[in-house]
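S.K.: Let's see this in three dimensions:
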Amino acid sequence: MRLVIFGILLAIGLVWGSVELVRSLSHEESDNAQIAGDIYPVSPRVTGTVLDVWVDSNQMVKAGDTLLTIDQSDYLVKRDMAQAQLLKAQAAVLATKAEIVAAGATQQRLDADLRRSRNLQKQDVISRAELDAATAGATASTARHTAAEDQYQAALAQVKLAEAELKNAELQLSWTTVTAPADGQIAKKNVQPGQFVSPGQQLIAIVGSGELWVVANFKETQLEHMRPGQPVTIRVDAFPGEKLEGHIDSISAGTGAQFALLPPDNASGNFVKVTQRVPVKIVFDEKPELPLAAGMNVIVEVKVK
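M.R.: Below is the predicted model of the structure:
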């Protein structure tokens, strides 16, 4: 009886081993794989104190939803000051324009006087000195008119500058309201009311709800027959009884080590040959109905032959 049981187990083992051997020749498998998705870091663009936080962890948000607000007091003052500077610059334009008109009228009058003085001097009605005085007056008037035109152009430039400063102030004021960059779920929230924040400081992370995919890090020795488009079976550790279908979308142009913070320098003399891993992007054939999350571990099996 024992020999019969042993024979049956041996036969089962041989069949299973044969199947696995044949399968290994046509499939490549890796458990170094995770669910990936678009992750949007949310950072403020201005400095200030957080007044309100309008979202909670794991909450679903839409693009444009308000996430938090920063104290606007300083930015309102800057906006008001910029508006005042613009009004001042616009007033200066009106004043210099009036000066141009006045200087132009004076120039026309003195030019006319100069023409009359030249005629009178030719007739010896006035002296040479009187003609010289009329000439000097007309020349000075021309210079004042030119200077007024230069001031007018400078005033116009000041208006342009003031408009730009006002636009910048209004832009910074708008940045005190931080909104969601895309549809998704709040996955990480590191901000509370009363907190002082600075530009570039990551306060919230949003995992995009548009699409998830798999990044599998295959050994370089597994890539010989791997090509985009090949079918993939995906098993998620969190749902061991489920199988999902997908296909290879693309294969990275560099190994994972090349993008590390300190990539290996094999020219340094300390070379040790290590099998490298290459990221392979795998997309689902159909949008999964399972509640998948970015970072979940999966096992992938690619049919390469």
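S.K.: how near is the nearest residue to residue 305 once chain neighbours are set aside to residue 222?
M.R.: Leaving aside its chain neighbours, residue 305 sits nearest to residue 26 (4.1 Å; criterion: Cβ to Cβ, 6 or more residues apart in numbering). (C-beta placed from N, C-alpha, C; glycine too.) Distance, residue 26 to residue 222, by Cβ to Cβ, to the nearest Å: 13 Å.
S.K.: Looking at the two, which has the bigger crowd around it?
M.R.: It is residue 222, of residue 26 and residue 222, that has more neighbours when counted by other Cβ atoms under 10 Å, with 18 against 11.
S.K.: so what's the closest residue to the more buried one other than its chain neighbours bridging to?
M.R.: Spatial nearest neighbour of residue 222, chain neighbours left out: residue 28 (4.5 Å); criterion: Cβ to Cβ, 6+ apart. In this entry, residue 28 is beta-bridged to residue 302, by DSSP bridges.
S.K.: Just the pLDDT for residue 28.
M.R.: On the pLDDT scale, residue 28 is placed at 90.
S.K.: these two touch, right, it and residue 305?
M.R.: No - with contacts defined as Cβ atoms under 8 Å, residue 28 does not count as touching residue 305, sitting 9.6 Å away.
S.K.: which of the two has more neighbours?
M.R.: Between residue 28 and residue 305, counted using other Cβ under 10 Å, residue 28 has the larger neighbour count: 23 against 8.
S.K.: tell me the contacts of that one?
M.R.: Contacts for residue 28 (Cβ atoms under 8 Å, 6 or more residues apart in numbering) come out as 218, 222, 225, 226, 301, 302, 304.
S.K.: hang on, isn't the third one packed against residue 304?
M.R.: Put plainly, it is residue 225. Yes - with contact defined as Cβ under 8 Å, residue 225 reaches residue 304; the gap is 4.1 Å.
S.K.: Those two: which is more packed in?
M.R.: Taking neighbours as other Cβ under 10 Å, residue 225 and residue 304 compare with residue 304 leading, 17 against 13.
S.K.: In contact with the more buried one: list those residues for me.
M.R.: So residue 304 contacts 26, 27, 28, 225, 226, 227, 230 (Cβ under 8 Å, 6+ apart).
S.K.: Could you rerun that using 10 Å?
M.R.: Going by Cβ atoms under 10 Å, 6 or more residues apart in numbering, residue 304 touches 25-28, 222-227, 230-231, 248.
S.K.: List the ones among those that fall in strands.
M.R.: Among those, the members found in strands (DSSP state E) are 27, 28, 231, 248.
S.K.: Break down the chain into its strands, ranges please.
M.R.: Going by DSSP E, the chain shows strands at 27-42, 48-53, 60-61, 66-70, 177-179, 184-189, 196-197, 204-219, 231-236, 244-251, 277-284, 297-303.
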